[in-house]
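Engineer: Sequence and predicted structure are below.
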Amino acid sequence: MLAVLVMTFVGCGVQAPPRPPRVEIPEQIKDLAATQVGRTIRITFTLPTLAVDGERLTKPVQIDIFRTLAPAGQKPAAPDTSAAPWQSLLPRELSRYTRAGKLEYPLQLSPQEFRGQQGSTYSFVVITFTRGFMGHPRKSEPSNLAQATLLDVTEPVTNFTVKGSQTALLLTWDKPVETLSGSQPAHLSGYRIYQSPTGKPDSYRLLGKPLPLTSTTRAFTLARSIISASARSHP
């Protein structure tokens, strides 16, 4: 009987204490930016892939965007992240706005909003979170503050054409005569030309220095540099 008891005692292992479930809190976003393009303000940032514990996120991430609007002449205030968000993006919606890990959310203004808000400053902060036990949110720290002051920019150039020859491309266009609010351009200083090898979104890169307000001859000279740059890239 004694031998049986000893063997039974030795065979029983001591159980380790249960491990608590992992809490996945996304890392703080640090590259939030707001940029005006025409009547649109583009809100961009890199989606988090890691939690604050340094390990990869395995749960779906939700996005809350907070916003304030300061009229022209007033000091902008940072958004209150304890209030309701301006926009919430569910995990299933993120692919619509994401390319190569970068999320771009557009704030599109109507012509009436654009005219009425010129000189106003938009301020944005983003919080990301996963959901834990019973659906409780596990929120990141608020992102950096991003701001954009709404300016009355020009209409796009019109009649843009490209004509080729054996040695160069000739780029021509008509100078904008109105701003987006219908006024005459007062501070038009030049043009930026972008080039893409594929034409895909996010593939365009600024080509050289900004081009001053010029004649077609200057545009032709710049076009020759486009050809030579392309030839060096694709021998």
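Structural biologist: Cool, got the structure. Here the structure is a predicted model, which means the values were calculated and not measured.
Engineer: from here on, contacts and neighbour counts on C-alpha atoms
Structural biologist: Will do.
Engineer: Surely residue 93 is in a helix?
Structural biologist: Yes: using DSSP: H, G, I helix; E, B strand; the rest coil, the assignment for residue 93 is a helix.
Engineer: OK, contacts around the spatially closest residue to residue 52 that is not a sequence neighbour?
Structural biologist: Nearest residue to residue 52, sequence neighbours excluded (C-alpha to C-alpha, 6 or more residues apart in numbering): residue 27, at 5.0 Å. Going by C-alpha atoms under 8 Å, 6 or more residues apart in numbering, residue 27 touches 48, 49, 50, 51, 52, 140, 141.
Engineer: Equivalent analysis for residue 72, please.
Structural biologist: So residue 72 contacts 117, 118, 119, 120, 121 (C-alpha under 8 Å, 6+ apart).
Engineer: which of the residues you listed lies closest to residue 71?
Structural biologist: residue 120 (4.4 Å; C-alpha to C-alpha).
Engineer: In JSON lines, list the contacts of residue 27 along with neighbour count, pLDDT and secondary structure.
Structural biologist: Below are these laid out as JSON lines (neighbours: other C-alpha atoms under 10 Å; pLDDT from 0 to 100; DSSP: H, G, I helix; E, B strand; the rest coil):
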{"residue": "48", "neighbour count": "19", "pLDDT": "96", "secondary structure": "coil"}
{"residue": "49", "neighbour count": "14", "pLDDT": "96", "secondary structure": "coil"}
{"residue": "50", "neighbour count": "16", "pLDDT": "97", "secondary structure": "strand"}
{"residue": "51", "neighbour count": "19", "pLDDT": "96", "secondary structure": "strand"}
{"residue": "52", "neighbour count": "15", "pLDDT": "96", "secondary structure": "coil"}
{"residue": "140", "neighbour count": "20", "pLDDT": "97", "secondary structure": "coil"}
{"residue": "141", "neighbour count": "17", "pLDDT": "98", "secondary structure": "coil"}
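Engineer: Out of these, which two are the most distant from each other?
Structural biologist: Taking C-alpha to C-alpha, no two of the contacts of residue 27 sit farther apart than 49 and 141, at 14.6 Å.
Engineer: In stretch 197-215, which residues are buried?
Structural biologist: residue 207 (16 or more other C-alpha atoms under 10 Å).
Engineer: What mean pLDDT does that stretch get?
Structural biologist: Over the span of stretch 197-215, the pLDDT mean works out to 71.
Engineer: Put the alpha carbons of it into PDB.
Structural biologist: Extracted as PDB, the C-alpha positions of stretch 197-215 are listed here (Å, rounded to 0.1, in the frame of the first residue of the first chain):
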ATOM      1  CA  PRO A 197       6.400  55.200 -64.700                       C
ATOM      2  CA  THR A 198       3.000  53.400 -64.200                       C
ATOM      3  CA  GLY A 199       0.300  56.000 -63.800                       C
ATOM      4  CA  LYS A 200      -0.900  54.200 -60.600                       C
ATOM      5  CA  PRO A 201      -2.000  56.200 -57.600                       C
ATOM      6  CA  ASP A 202       0.800  57.200 -55.200                       C
ATOM      7  CA  SER A 203       3.400  56.500 -57.900                       C
ATOM      8  CA  TYR A 204       3.800  60.200 -59.000                       C
ATOM      9  CA  ARG A 205       7.000  62.000 -58.000                       C
ATOM     10  CA  LEU A 206       7.900  65.600 -58.300                       C
ATOM     11  CA  LEU A 207      10.100  66.100 -61.400                       C
ATOM     12  CA  GLY A 208      12.900  68.600 -60.700                       C
ATOM     13  CA  LYS A 209      12.300  72.100 -59.300                       C
ATOM     14  CA  PRO A 210       9.000  74.000 -59.500                       C
ATOM     15  CA  LEU A 211       8.600  75.600 -62.900                       C
ATOM     16  CA  PRO A 212       8.000  79.400 -63.000                       C
ATOM     17  CA  LEU A 213       5.200  80.900 -64.900                       C
ATOM     18  CA  THR A 214       6.600  80.400 -68.400                       C
ATOM     19  CA  SER A 215       6.200  80.300 -72.100                       C
END
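Engineer: Having no further points to raise, I will conclude here.
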